[in-house]
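In: From the sequence below, what's the structure:
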Amino acid sequence: MQLVDLNPDDPSVIEVFSEIDRLMNTLYPIASDQSLSLEELRKPNVYAVGLKNEDGIVACGAIVKQFNNTLYGEIKRLYVCPSYRGKGLSRRIMQILLYYAGEAQIPVIRLETGSQQTEAINLYENLGFKRRACFGFYRDNPLSVFMELSLN
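Out: Now for the predicted structure:
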């Protein structure tokens, strides 16, 4: 498996983003969608990576540098294709993103995930994330879980 930067023009990236969107649309109302778009991958404040093999992108994730009174990174699009789950790939992507955040001197990592995504919540808690109130442009939503990890 090869670590690659996510290129919005890559058909494999387009396919995995579509797969993520289909899954999220089965779990949550479309109005709840806070996903990172393909076009946003081009922005300089976005670091997005994937693990790719002969099947295409099988795992991915991104960190977006944000500023709202303080610098923080927001985790977006963490996903592993169903046939590759249970192999530690989401943890591997998260470790890569957290390493990047440390190198980029981003002091705090935040995320919003869905309340039905218990495996993701367990992973984040295992990595040291703590639940917190909504942040940025998010509003309180019973379908959302907000979390934060200090890198200091």
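In: What separation is there between residue 15 and residue 79?
Out: 12 Å (CB to CB, to the nearest Å). Where C-beta positions appear, they are placed from N, C-alpha and C, glycine not excepted.
In: I misspoke; the intended subject was residue 102.
Out: 22 Å.
In: just residue 72 next, same as before
Out: From residue 72 to residue 79 the distance is 21 Å (CB to CB).
In: Who are the contact partners of residue 51?
Out: Shown in contact with residue 51 (CB atoms under 8 Å, 6 or more residues apart in numbering): 1-4, 57-60, 89, 92-93.
In: give me the number of residues near residue 68?
Out: By the criterion of other CB atoms under 10 Å, residue 68 has 11 neighbours.
In: Look up the closest residue to residue 98, ignoring the ones flanking it.
Out: residue 109 (6.8 Å; CB to CB, 6 or more residues apart in numbering).
In: OK, contacts around that neighbour?
Out: When contacts are counted by CB under 8 Å, 6+ apart, residue 109 touches 63, 72-75, 97-98, 101, 129, 148-149, 151.
In: Equivalent analysis for residue 56, please.
Out: 11-12, 15-16.
In: ok, back up a step: out of residue 102 and residue 79, which sits in the busier spot?
Out: residue 79 (23 against 12).
In: In a strand, the more buried one, correct?
Out: Yes: counting by DSSP: H, G, I helix; E, B strand; the rest coil, residue 79 is found in a strand.
In: That one and residue 24: what is the separation?
Out: In terms of CB to CB, residue 79 sits 10 Å off from residue 24.
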